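Chemist: my questions are about this predicted structure, shown below with the sequence.
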Amino acid sequence: MDNIYITPEHGLLRDQVARFIAREVEPHGAAWEEAGMVPRDVLRRMGQAGLLGLMYEGRYGGADADALTNLVFAEALSQSTFAGFIITVLVHTDMAGPHLHHAGSAAQKEKYLHKVTAGEMIAAVGITEPGAGSDVAGIRTTARRDGDDWVLNGTKMFITNGVHADLYFIAAKTGSGRHDMTMFIVEKGTPGFSVGRALKKTGWLSSDTAELVLDNVRIPAGHVLGEEGKGFYSVMKNFQTERIALAAMAVGHCTQALQLTLDYVRQRQAFGATLWDQQTIRQRLSMLDARTRAARSFMYHCAWSVTQGRDIVQEVSMLKALTGELVNEVVQTCQQFHGGMGYIRETAIERLWRDARVLAIGGGATEVMLEEVAKRY
């Protein structure tokens, strides 16, 4: 299933990630699901292997990689059947960390980015709120200047890595305009900053997700991330990286679900024959595989377009909507073909079914993505 965008170097990276998953993740993933978190020593080992900072500058421990290489990593990571682990990593590498990479000052990068790429500090990004999800401009968290400091107040919701992160990039309103917001760096342990509660989810069970509370959180002016008042545009820019990563998760889930199901239906006997001998089953799987391959090609084209400096907000919005819906159709169909076993908690297909649902919601709900597409015609 390789394509024209894959180089031998990409293949080596994919193999390295596959070995890490086989050794460090799959044997332990079920225990992490029960614990509700991925152990931080596993993430440190990823950092030591050079896998937590591919897109970042080499002088900060990164690999100066482009969007295609980053996609290869995300897709390889998404071959795991434990999506809680995948999203824990991708939030750190593709959703939170890029705010520091793109907008951080030299001093901020020197202080934090080495530790982010090494897995010594795990990052989270706080944008979503109880009353503002895909509508980023609707956030109500505020930040006011007080002498040499800023004081933050508000609540963030559905924050991945929220319980156990060390470094948070928080969006807050700093003016009266709808788009007047600024990004701030907030370290764990800052007075007034706390986890309101850990959230229980249907899927992504090994990903820790939290409500965050900012109660008169005082931080120095040097913790403003990027240009004051321009945080909205920073968030919008980073959404392209985030949504391609989420598409990689979706395509990876499709690929895994189809392979699991092909293996299952070829050996499962019913009415004197295997399920594969049923024409409707093999034809349905063939079509879903075709659509998955088409989505994968579009995904790689989007990543390549990023390397060419193209404005592809419309295309990435299409990709996010397409793959978020496709993965739910693929995984539910594959679960159906597993029969009763598809509803048993310890099976990989049941886990993929639970984990896939949020991919049509998180990072921009399908309906919001389609509006982003439509308004650019």
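Modeler: Received the coordinates, thanks. Numbers count the residues shown, from 1 in each chain.
Chemist: for Ile344, which residues are in contact?
Modeler: Glu350 (C-beta atoms under 8 Å, 6 or more residues apart in numbering). Where you see a C-beta, it was placed from the backbone N, CA and C, and this is true even at glycine.
Chemist: retrieve the pLDDT associated with it.
Modeler: Per-residue confidence at Ile344 stands at 94 (pLDDT).
Chemist: so which residues of this structure form helices?
Modeler: 8-20, 29-35, 40-48, 67-77, 83-90, 97-103, 106-118, 231-267, 279-307, 313-337, 348-356, 366-374 (DSSP state H).
Chemist: quick check: which of the ones you listed is buried the most?
Modeler: Comparing the helices of the chain by mean neighbour count (mean count of other C-beta atoms under 10 Å), helix 83-90 comes out on top with a mean of 27.
Chemist: before we move on, the earlier item: export the helices of the chain to a markdown table and tack on distance to Arg140 and mean pLDDT?
Modeler: Converted to a markdown table, the helices of the chain look like this (distance: least, C-beta to C-beta, whole Å; pLDDT from 0 to 100):
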| stretch | distance to Arg140 | mean pLDDT |
| --- | --- | --- |
| helix 8-20 | 39 | 95 |
| helix 29-35 | 33 | 95 |
| helix 40-48 | 31 | 95 |
| helix 67-77 | 32 | 95 |
| helix 83-90 | 25 | 97 |
| helix 97-103 | 20 | 94 |
| helix 106-118 | 26 | 96 |
| helix 231-267 | 14 | 94 |
| helix 279-307 | 32 | 97 |
| helix 313-337 | 25 | 98 |
| helix 348-356 | 30 | 96 |
| helix 366-374 | 19 | 96 |
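Chemist: adding distance to Asp180, write these out as JSON lines.
Modeler: Formatted as JSON lines, the helices of the chain follow (distance: least, C-beta to C-beta, whole Å):
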{"stretch": "helix 8-20", "distance to Asp180": "40"}
{"stretch": "helix 29-35", "distance to Asp180": "40"}
{"stretch": "helix 40-48", "distance to Asp180": "35"}
{"stretch": "helix 67-77", "distance to Asp180": "29"}
{"stretch": "helix 83-90", "distance to Asp180": "29"}
{"stretch": "helix 97-103", "distance to Asp180": "16"}
{"stretch": "helix 106-118", "distance to Asp180": "22"}
{"stretch": "helix 231-267", "distance to Asp180": "8"}
{"stretch": "helix 279-307", "distance to Asp180": "28"}
{"stretch": "helix 313-337", "distance to Asp180": "21"}
{"stretch": "helix 348-356", "distance to Asp180": "36"}
{"stretch": "helix 366-374", "distance to Asp180": "21"}
